[in-house]
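Colleague: Any chance you can model this:
(chains A and B)
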Amino acid sequence: DSGVTQTPKHLITATGQRVTLRCSPRSGDLSVYWYQQSLDQGLQFLIHYYNGEERAKGNILERFSAQQFPDLHSELNLSSLELGDSALYFCASTKTGGVNEQFFGPGTRLTVL
Amino acid sequence: AQSVTQPDIHITVSEGASLELRCNYSYGATPYLFWYVQSPGQGLQLLLKYFSGDTLVQGIKGFEAEFKRSQSSFNLRKPSVHWSDAAEYFCAGHGGSQGNLIFGKGTKLSVKP
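Modeller: Sure, this is the predicted structure:
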């Protein structure tokens, strides 16, 4: 158990819908990273938050957004969902905002029908 | 651009045999490198990391990796594989100063009894 929690574990929805994925980092960790894992693209970095502020963006679509709240949990919002958004979404946390080992949550599997 | 490459998509070894999983990197400077393992339906677990110093790095579960600058490689090794090592293994490097990771495509390890 990494200490990072993600909810829900599974999510099934329809095209055009909007969903919210939630991540709670390890106790004391200030950084949250979001990654998408798909069969064709592999593991790709989406976005990074540190202590409530956005710090870096990766291959994140404009339909996707995220935020980190004062209690340090983070939410990833996916809207106007398409079939191709079906993937495993991971969050990871670290204490600092720089390069360090990241602790991954169990992921949320999103299926868009 | 920075990149991490895992040349082998799938490897099968017999239980008790030695294992080497390949990872090549392309970075302008010395990269920070990681190996993660993902069991089916699970998140990613850190096996080991290389930041600097000794080029032979010991990790958990009996794994080790050697950083070879001349070959731009960071191969993962284990002297004797157990059936429980069957999983997918990901090599990763740092993607920027904010610590996001760049992952290889992964190598799936199967273990024959």
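Colleague: Show me what from chain A comes close to chain B.
Modeller: Proximity of chain A to chain B, by Cβ under 8 Å from any Cβ of the partner chain, involves residues A:2, A:4, A:31, A:33, A:35, A:42-45, A:48, A:50, A:55-56, A:58, A:90, A:92, A:94, A:96-107. All C-beta atoms are positioned from the backbone trio N, CA, C, and that covers glycine.
Colleague: Is there a quick ChimeraX command that grabs whichever of these are buried?
Modeller: Of those, the buried ones can be selected in ChimeraX as follows, counting by 16 or more other Cβ atoms under 10 Å in any protein chain shown:
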select /A:2,4,31,33,35,43,44,45,48,50,55,56,58,90,92,94,97,99,100,101,102,103,104,105,106,107
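Colleague: Filter the residues of chain A next to chain B down to the ones in strands?
Modeller: A:31, A:33, A:35, A:42-45, A:48, A:50, A:55-56, A:90, A:92, A:94, A:103-104 (DSSP state E).
Colleague: give me the number of residues near the closest residue to A:Gly28 other than its chain neighbours?
Modeller: Using Cβ to Cβ, 6 or more residues apart in numbering or on different chains and skipping the chain neighbours, the partner closest in space to A:Gly28 is A:Lys95 (6.3 Å). By the measure other Cβ atoms under 10 Å in any protein chain shown, the count of residues near A:Lys95 is 14.
Colleague: And for A:Ala92, nearest residue in space, chain neighbours not counted?
Modeller: With Cβ to Cβ, 6+ apart as the criterion, A:Ala92 has its nearest non-adjacent residue at 3.8 Å, and that residue is A:Gln102.
Colleague: who's in contact with the one you found?
Modeller: A:Gln102 makes contact with A:33, A:92-94, B:46, B:99, B:101, according to Cβ atoms under 8 Å, 6 or more residues apart in numbering or on different chains.
Colleague: Let's see that with 10 Å instead.
Modeller: A:2, A:4, A:29, A:31-33, A:35, A:90-94, B:34, B:36, B:44, B:46, B:49, B:92, B:99-101 (Cβ atoms under 10 Å, 6 or more residues apart in numbering or on different chains).
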